[in-house]
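Participant: Fold the following for me, if possible:
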Amino acid sequence: MLDTAKRWARGIKRDVVALWLAARDPRVPWYAKAVAGAVAAYALSPIDLIPDFIPIFGYLDDLLIVPLGIMLAVRLVPAGLMQEFRDEATRSARPVSKAGLIFMIAVWILAALVLLRLFWPMPA
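Facilitator: So this is what the prediction gives:
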């Protein structure tokens, strides 16, 4: 069972890199590029939308949201191209998404501003 989980995790990592490659390829339809790029940017971002230290919900994105996004994006990319990207992903290093990092920082800043506005006493 542990071996199966390890293979699944390696497949997920490979597919994220393959989707990152798919998002930059001109042969991929625009809607597949959009989904693949968003999923890859989020998965490769060093910051999570929901931090892992938050009980239960912290791992929800890693266990549910990312794999579902990957499955959707893989279905949108033509099968022949996806296999080509998977082959290339096994040979290349794992990229880091600066766009994903910037997006996650923007989300956290926006959330902080909303909370500040809600709970900061306003002068009358």
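Participant: Could you count how many residues lie near D52?
Facilitator: A count of neighbours around D52, defined by other CB atoms under 10 Å, yields 12. All C-beta atoms are positioned from the backbone trio N, CA, C, and that covers glycine.
Participant: For it, which three-state class applies?
Facilitator: The assignment at D52 comes out as coil when based on DSSP: H, G, I helix; E, B strand; the rest coil.
Participant: got a list of what it touches?
Facilitator: Applying CB atoms under 8 Å, 6 or more residues apart in numbering, we find D52 in contact with G58, Y59, D62.
Participant: The same query, at a cut-off of 10 Å, please.
Facilitator: If a contact means CB atoms under 10 Å, 6 or more residues apart in numbering, then D52 has G58, Y59, L60, D61, D62 as its contacts.
Participant: Averaged pLDDT, the host helix or strand of the third one. What do you get?
Facilitator: If I follow you right, that is L60. Assigned by DSSP states H and E, L60 falls within helix 60. For helix 60, mean pLDDT rounds to 76.
Participant: Helix or strand next in line after that helix, which one?
Facilitator: Using DSSP H and E, the next helix or strand after helix 60 towards the C-terminus is helix 66-76.
Participant: Could you list the buried residues of that next one?
Facilitator: For helix 66-76, a neighbour-count test (16 or more other CB atoms under 10 Å) marks V66, P67, G69, I70, A73, V74, L76 as buried.
Participant: Next, format those as JSON lines and append pLDDT and distance to A99.
Facilitator: Conversion of the buried residues of helix 66-76 to JSON lines gives the following (pLDDT from 0 to 100; distance: CB to CB, whole Å):
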{"residue": "V66", "pLDDT": "84", "distance to A99": "16"}
{"residue": "P67", "pLDDT": "86", "distance to A99": "21"}
{"residue": "G69", "pLDDT": "89", "distance to A99": "15"}
{"residue": "I70", "pLDDT": "90", "distance to A99": "17"}
{"residue": "A73", "pLDDT": "93", "distance to A99": "16"}
{"residue": "V74", "pLDDT": "92", "distance to A99": "20"}
{"residue": "L76", "pLDDT": "94", "distance to A99": "19"}
